[in-house]
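Novice: structure of the sequence below:
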Amino acid sequence: MKNIILITILLIFNFQIALAQEARTFNPITTPGKAPEGAQPAAQKINIHPQTVGNAMQKMFKDWNRGNFKQHLADSFYDKEKLSTALHTEVPLDARIRINAIKNTQTLQQFHKKLPDGKIKVYSTVSVTADTQIEFNDVEKGFRKLEGENEYILQIEGELVPVQ
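Specialist: Model (predicted):
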């Protein structure tokens, strides 16, 4: 009987300690992705300018509105054909998407490749959090405007010119 009471008291005491602990945040562990041919992982990531990211997003959505979205999907994009088919069959033909605001950009991964002319080609994987809005006419409900915050992963290529 003493053992049962002792075990009960220990369990209650341990439960009280567990309630007083704080939750830890999870930080992603970066892992190297597949490098473009001849490129090396960057020793230090260079943040891509928000204007460059914004221009890439605008171009991508402009093409989405024209029905040319598939060209922006990487060859490594999982089930590219299924997404393309779904966009043509499930999304209303008059649907238009636009960016209300770009909230955050973060360079996730970067590779550098030295070119013969001395320039450095930079391959960047960038995470973009954006407020977007889709507008379309619904046969039953009339004009619809759907807003949401979404994350997009972009692959952006550019060149660095060394300072001489």
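
Novice: mind checking pLDDT for residue 1?
Specialist: With respect to pLDDT, residue 1 has a value of 54.

Novice: where are the low-confidence patches of this structure?
Specialist: Counting by pLDDT under 70, the chain has low-confidence residues at 1-33, 161-164.

Novice: can you give me the strands in it?
Specialist: Using DSSP state E, the strands found in the chain span residues 40-41, 96-114, 120-138, 142-160.

Novice: report how many residues lie close to residue 121.
Specialist: Residue 121: 16 surrounding residues under other CB atoms under 10 Å. Backbone N, C-alpha and C define where each C-beta goes, glycine included.

Novice: equivalent analysis for residue 69, please.
Specialist: As a burial measure, residue 69 scores 19 neighbours (other CB under 10 Å).

Novice: dump the residue contacts of the nearest residue to it once chain neighbours are set aside.
Specialist: Leaving aside its sequence neighbours, residue 69 sits nearest to residue 63 (CB to CB, 6 or more residues apart in numbering; 5.7 Å). Neighbour list for residue 63: 69, 71, 72 [criterion: CB atoms under 8 Å, 6 or more residues apart in numbering].

Novice: would you check that the last one makes contact with residue 61?
Specialist: Spelled out, it's residue 72. No: between residue 72 and residue 61 there is no contact under CB atoms under 8 Å: 9.4 Å.

Novice: more neighbours: these two, which one.
Specialist: Legend: neighbour count by other CB under 10 Å for residue 72 and residue 61, higher for residue 61 (19 against 15).
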